[in-house]
Each structure stands twice: as C-alpha cells, then as structure tokens.
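Trainee: Please work out how this folds:
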Amino acid sequence: MVTDLPDLHAETGWFPDGYVAQLNIVGQMIGETTVAMGLTPTACWDDSMQITVAGAADAGYLDSEYGAAVDVYGRIHTSVLGYQIDWEGKIPLPSFLPHDFLLAGTTTFQPTALSGAVTVTSNPTSPVIVVSTDVLSSLISLGSISGGLDIAVQGELGTSYQSTQIDVGGGAFARDGEHVTIARPDHGFGATLDTQLSAKGVVHYEPYVIFSVLFDVRIFGIRVCNFDLASVTLPLPVIDRQITLDGGKISIPLPHLDRVPQSLGFATGGSQPLAVHNSGAAPLEIAIAQAPAGVSAQPITIAPGADGTITVTADPTTVSGKLELATNDPNYPSISVALDAAQSGEVTTPATPDPEDGGGCNSTGAQPWWIILALIPIGASRTAPSRRRARC
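Mentor: Numbering: from 1, shown residues only. Here you go, the predicted structure:
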C-alpha cells in the first residue's frame with residue numbers, strides 16, 4: 001500500500017489582468033489510482049538455481065478515477081458614484097464538483113512488460129456547471145452589488161504505469177526474459193524455495209482542467225465589469241511517482257530426496273526394491289541415466305511427502321557395477337547405487353547435498369501471485385466522487 005503522493009493542486013491566479021473585478025480559481029484533483037499485477041515466479045535448476053518471473057496475458061490492472069474540489073475567490077476594487085469599493089473574499093460554492101465531473105479509466109496489461117508503459121486516459125468530460133446565478137448578491141456580501149456568475153469546467157486525465165524492475169530472490173532484473181540466480185545454501189535446497197517478490201515502477205499523471213467563466217458585476221446598478229472567457233486553464237502539474245508493489249513472501253515448491261540409496265544387493269533374488277522418500281513440496285522424478293548390461297528399472301514419480309519404490313531387475317548371479325539414476329532434486333542431479341550379487345537388501349544414508357545442481361523447473365502454481373499497489377490518493381484530506389469498479 002502506498003499513500004504518499006503529493007496533492008495535485010493549482011490555481012489560475014487573478015484574472016483577467018487589469019480588470020476592476022477579478023476571479024482566482026483554486027483546484028485540487030482528488031481520487032485514487034490502483035495498480036495490480038499477477039506474476040508467476042518459476043525456479044529452474046541445472047548448473048545453477050534461477051528464478052524467472054512471467055505474467056499471464058492481461059493479468060496487469062490499471063484503474064484511475066478522480067474528481068476535483070474547487071474554490072473560487074473574487075476581488076473588486078473600484079469607485080462608483082464617489083464610493084470606494086474594496087472587497088476581496090471567497091465565493092461560496094459546493095465543496096466538490098458534481099459527479100458528472102469524473103475522470104476515470106481502466107485497462108489491463110501484460111504485467112512484466114518492462115520495456116513499455118501502459119496508459120489509461122479518461123474520456124474528456126462534457127462541460128459541468130460549477131455555479132450559475134444571476135443573483136450575485138447571494139454569493140458576494142455587498143449590499144450594493146448585483147449581476148451574475150457562471151462557471152463551467154471540462155477536464156481529462158491521462159494516467160500511465162510502467163514497471164521498471166522486478167525484485168525476487170535477493171536480486172533484480174529490469175528487462176523481460178532476464179532472471180535472478182540463487183546461491184545454494186550451505187545445507188542445500190529444502191522442500192520449498194522461499195523468497196520475496198516485488199516490483200518497482202512509475203505512475204505518470206497528465207491532467208488538464210479548463211474553465212469557462214462569465215462574470216457580470218454591477219454596483220448601484222452600474223456595470224463595472226463584464227467578461228466572458230471560454231478558456232481559463234488550471235495549471236495542474238504533470239508528475240511522475242516512483243512506486244513499489246509488494247508481493248510479500250513466496251514459496252516455490254521443490255522436490256527433495258531425504259535419503260540416498262548407496263548400494264543394492266541381489267542375494268535374495270533378481271528383483272529388488274529400492275526405497276526412496278520425497279520430503280519436498282513438488283513431485284520427485286527418478287529415472288535410469290545409465291545401467292550395467294542386463295539391469296533395468298522403470299522411471300518413477302513420487303508425490304510430495306510420499307514414499308516410492310523403484311524395482312530394479314538384474315541377473316542375481318552376475319550383477320555388478322553401478323546403477324546411475326537421474327533425479328529432478330536440485331540437490332541430487334544423480335544417484336550412484338552400487339549393485340552386488342552377494343549382498344542382501346539395500347543401504348541408504350541421510351541425504352547430504354551434492355555439490356552440483358540437478359535439472360528441473362517449478363513455479364508457485366497455475367494461478368499468478370498477485371502484487372498490488374492500491375489506493376494511491378492524491379489529496380488525502382477529502383473523498384473524491386467514486387464509481388463501481390472491478391477489484392482484483
């Protein structure tokens with residue numbers, strides 16, 4: 001959650017220049033932007049353990065919706081019929097523009113598109129009436145004043161987001177297709193690969209708000225000012241905001257062989273069971289990589305937390321040499337099992353990580369891991385007009 005954007009506010013300054021009656025419009029954009037991304041981290045291991053991050057099509061979400069708060073100030077400095085008029089003050093208006101003035105838009109995008117920005121631009125609003133009266137004395141407390149005031153507003157807001165960096169596994173990458181390499185722990189990899197996932201990016205805002213103003217001022221029935229301006233721009237700033245979307249802790253399931261067969265005897269027959277156990281959180285795959293002549297065994301896949309048995313068949317009178325088994329355990333790319341015709345049963349030892357990584361890949365799962373930046377308010381002191389919108 002990030003809520004520290006500065007206010008988008010500005011003022012027109014006193015206009016028109018040189019007139020005895022002038023206005024100053026102060027405006028503030030108020031609302032929220034939501035950015036969400038669905039990412040799937042995947043770990044692959046061969047010579048090293050590497051994490052890549054992918055996003056499902058349209059699993060990124062950018063929503064922007066803003067209204068505006070407007071204050072209008074006036075001043076009159078003139079002399080009429082020998083009376084000096086010097087007035088300056090705030091003209092009372094509703095705190096917020098009507099709900100018709102809603103700058104909003106929603107779009108989806110490819111979450112890991114680090115090379116380009118995604119933009120949502122609100123539709124330009126139709127003119128919205130801020131105030132319209134031909135009884136100026138209802139707004140300005142001068143007993144001698146009459147006339148009218150009409151102010152209407154139109155606006156548009158362009159909001160864009162671009163990811164600049166993905167942080168995972170203690171490393172980072174800034175281009176699509178790159179990866180982070182994870183160092184092997186001293187004790188080897190366990191049942192899961194646990195790490196942190198986040199993304200950095202930039203939200204860019206380009207707002208514009210334009211007023212049309214008619215101001216007719218009479219003092220003692222004498223018109224002292226009358227102007228009709230079709231375009232008075234509120235100079236709101238264009239801003240870029242650095243943001244971080246935090247996905248928190250992620251766990252990528254790994255296969256894990258917790259005991260390693262060392263030898264297998266055939267003194268009791270030509271078909272012998274080789275027991276293995278998968279203490280990992282992902283399926284463990286084992287298959288023959290190389291075997292002496294006459295030795296065979298079927299490949300096996302062992303579910304997470306389950307026991308498995310590899311049945312090895314050989315001629316019990318002549319069998320010798322070593323059976324080489326390949327696994328997808330990142331700690332054990334291969335297992336070498338000595339075959340002995342004179343020995344009975346099998347010998348296993350507690351698992352001690354092999355210095356080489358095994359080959360395989362696994363991800364956090366079929367569903368993307370959501371990392372969300374929600375409710376980035378501009379103007380935290382008030383609540384903007386809102387509308388129904390999808391939530392991720």
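Trainee: quick one: what helix or strand has the residue nearest to residue 129 when sequence neighbours are not counted in it?
Mentor: Nearest non-adjacent residue to residue 129, counting by C-beta to C-beta, 6 or more residues apart in numbering: residue 152, 5.4 Å away. No exception for glycine: its C-beta is placed from N, CA and C like everyone else's. Residue 152 is part of strand 145-168, with elements assigned from DSSP states H and E.
Trainee: again with residue 197
Mentor: Going by DSSP H and E, residue 197 is in strand 192-219.
Trainee: Pairing partners for that strand, with directions?
Mentor: Here strand 192-219 has these sheet partners by DSSP bridges: strand 145-168 (antiparallel), strand 222-234 (antiparallel), strand 239-253 (antiparallel).
Trainee: quick revisit: name the residues of the helix or strand following the strand holding residue 152 that come out as buried.
Mentor: As assigned by DSSP H and E, the chain's next helix or strand after strand 145-168 is strand 171-173. Neighbour-count burial for strand 171-173, counted by 16 or more other C-beta atoms under 10 Å, picks out 171, 173.
Trainee: Strand 171-173: how far from the chain's middle?
Mentor: Averaging C-alpha positions (C-alpha atoms, centre = their mean, to the nearest Å) puts strand 171-173 16 Å from its chain's average.
Trainee: residues contacting residue 300?
Mentor: 276, 285, 286, 287, 308, 309, 310 (C-beta atoms under 8 Å, 6 or more residues apart in numbering).
Trainee: again, but for residue 24
Mentor: Residue 24 neighbours (C-beta under 8 Å, 6+ apart): 11, 12, 13, 14, 15, 72, 73, 74, 75.
Trainee: Which members of those occur in strands, if any?
Mentor: Those of the contacts of residue 24 mapping onto strands are 11, 72, 73, 74, 75, per DSSP state E.
Trainee: Is residue 41 in contact with residue 252, as I believe?
Mentor: Yes. Residue 41 is in contact with residue 252 according to C-beta atoms under 8 Å; the separation is 6.2 Å.
Trainee: quick revisit: with respect to residue 169, which of the ones in strands among the contacts of residue 24 is nearest?
Mentor: Distance to residue 169 across the ones in strands among the contacts of residue 24 (C-beta to C-beta) is lowest for residue 11, with 48.1 Å.
Trainee: The closest one reaches residue 28, doesn't it?
Mentor: No. Under the criterion of C-beta under 8 Å, residue 11 makes no contact with residue 28, lying 9.8 Å away.
Trainee: of these two, who's got more company?
Mentor: residue 28 (23 against 14; other C-beta atoms under 10 Å).
Trainee: hang on, the more buried one is in a strand, isn't it?
Mentor: Yes. Counting by DSSP: H, G, I helix; E, B strand; the rest coil, residue 28 falls inside a strand.
Trainee: so which helix or strand takes in the nearest residue to it once chain neighbours are set aside?
Mentor: Among residues not flanking residue 28 along the chain, residue 9 sits closest, at 4.0 Å (C-beta to C-beta, 6+ apart). Per DSSP H and E: residue 9 is located in strand 8-11.
Trainee: Let's see which of the contacts of residue 300 end up in strands.
Mentor: 276, 285, 286, 287, 308, 309, 310.
Trainee: quick one, domains of this protein?
Mentor: 8-253+366-373, 259-350 (automatic domain parsing).
Trainee: and the last one, how far out from the chain's middle?
Mentor: I take that to be domain 259-350. Distance of domain 259-350 from its chain centroid, counting by C-alpha atoms, centre = their mean, is 46 Å.
Trainee: Please apply the same query to the first one.
Mentor: Computed by C-alpha atoms, centre = their mean, the chain-centroid distance of domain 8-253+366-373 equals 18 Å.
Trainee: average pLDDT for it?
Mentor: Averaged over domain 8-253+366-373, pLDDT sits at 89.
Trainee: swap in the last one?
Mentor: Domain 259-350 shows a mean pLDDT of 92.
Trainee: Could you tell me the end-to-end distance of it?
Mentor: 5 Å (C-alpha to C-alpha, to the nearest Å).
Trainee: quick one: what helix or strand has the closest residue to residue 142 other than its chain neighbours in it?
Mentor: If the residues on either side of it in the chain are set aside, residue 142 comes closest to residue 87, at 5.8 Å by C-beta to C-beta, 6+ apart. Element membership for residue 87, per DSSP H and E: strand 83-91.
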